[in-house]
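A.B. asks: What follows is a predicted protein model with its sequence.
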Protein chains: 2
Amino acid sequence: MEVDAHGLEVLDQPECLRLLASVPVGRIAFTDRALPAIQPVNFALDGSDVIVRTGPGSKLGLAVQRAVVAFEADDFDPASHEGWSVTLLGEARAVTDPAELERLSRLSIPSWAPGPRDRYIRISGRYVSGRRINAVAV
Amino acid sequence: MEVDAHGLEVLDQPECLRLLASVPVGRIAFTDRALPAIQPVNFALDGSDVIVRTGPGSKLGLAVQRAVVAFEADDFDPASHEGWSVTLLGEARAVTDPAELERLSRLSIPSWAPGPRDRYIRISGRYVSGRRINAVAV
């Protein structure tokens, strides 16, 4: 088991992707008018890329075009204090190719927020990292 | 009930603080070497400020000194699709005053990650905003 400088277990890429696929909500950190912003989003995986569904004219959609963003998902158990966190760091781009849009619409990414959600943002999964807090190891 | 342009219920400051106090983990979005970063943290409220506990020499502690950060916490129910998200946007500063450190140590902020956690970061709660997804309203 690889452990980082802070004593947290380092997760490999397959484990990061498996964990990401297990939760329906993640968070995007981006820059909005020169200030940091963070927003929860529904998402799905397409290979190792994260696909986020958003609405037309959303602050998120406008802010992240061709920007480098951080995407994070996690799951912690308040009782055992065990849990994990996975972060992607990559360029976000709006999906505009009709064939790709058609294919992504079949991923059936849930959308919990109201309103139309017919825009898709792809975040490259090239740089993914993850950590696990294991109460036994602490 | 106030609703934003996307149909989400807008939460007032007292409700935002009440919800923040109900969860043990939030996430800080900050800039790390000119790139966006996001990290889950244990936290507690001190009035309307968020207090984060971290270790000596942590990447987070070094990166957020006197920086504007976004802090977010949320709770979503995968079954009902109901949930909320609260975000603080404010300057983060390391707490160095001995009397303040002594007082904050009595907040008993949990620390799930291993290693010493004797540094405290205060994030101003002046700018707090929150939204609720209410499945009934959708």
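C.D. replies: Alright, I've got the coordinates.
A.B. asks: quick check, the helix or strand bottoming out on mean pLDDT in chain A touching chain B?
C.D. replies: Lowest mean confidence among the helices and strands of chain A (mean pLDDT, DSSP states H and E): helix A:59-63, at a mean of 83. No - in terms of Cβ under 8 Å from any Cβ of the partner chain, no part of helix A:59-63 sits within range of chain B; the closest distance is 9.1 Å. (Glycine included, C-beta is placed from N, CA and C.)
A.B. asks: near chain B, which residues of chain A show up?
C.D. replies: Chain A has residues A:6-8, A:24-25, A:27, A:29-31, A:35-40, A:55, A:58, A:68-72, A:74, A:76, A:78, A:81, A:83, A:85, A:87, A:89, A:110, A:112-115, A:133, A:135, A:137-138 near chain B, with proximity defined as Cβ under 8 Å from any Cβ.
A.B. asks: From those, which land in strands?
C.D. replies: A:25, A:27, A:29-31, A:35-40, A:68-72, A:74, A:76, A:83, A:85, A:87, A:89, A:133 (DSSP state E).
A.B. asks: which of those are buried?
C.D. replies: Buried members of those, scored by 16 or more other Cβ atoms under 10 Å in any protein chain shown, are A:25, A:27, A:29-31, A:36-40, A:68-72, A:74, A:76, A:83, A:85, A:87, A:89, A:133.
A.B. asks: Residue A:65: neighbour count?
C.D. replies: 11 (other Cβ atoms under 10 Å in any protein chain shown).
A.B. asks: isn't it right next to residue A:96, touching?
C.D. replies: No - Residue A:65 is not in contact with residue A:96 according to Cβ atoms under 8 Å; the separation is 10.4 Å.
A.B. asks: what about residue A:43, which SS state?
C.D. replies: For residue A:43, the assignment made with DSSP: H, G, I helix; E, B strand; the rest coil gives strand.
A.B. asks: Is it bridged to anything, and to what?
C.D. replies: Per DSSP bridges, the residues bridged to residue A:43 are residue A:52.
A.B. asks: Next, the contact list for it, please.
C.D. replies: For residue A:43, the contacting residues are A:24-26, A:50-53, A:71, A:73, A:109, by Cβ atoms under 8 Å, 6 or more residues apart in numbering or on different chains.
A.B. asks: Go again with 6 Å.
C.D. replies: A:26, A:50, A:52 (Cβ atoms under 6 Å, 6 or more residues apart in numbering or on different chains).
A.B. asks: Compare those residues and tell me which is most surrounded.
C.D. replies: residue A:50 (27 neighbours).
A.B. asks: How far does stretch A:119-133 stretch from one end to the other?
C.D. replies: 35 Å (Cα to Cα, to the nearest Å).
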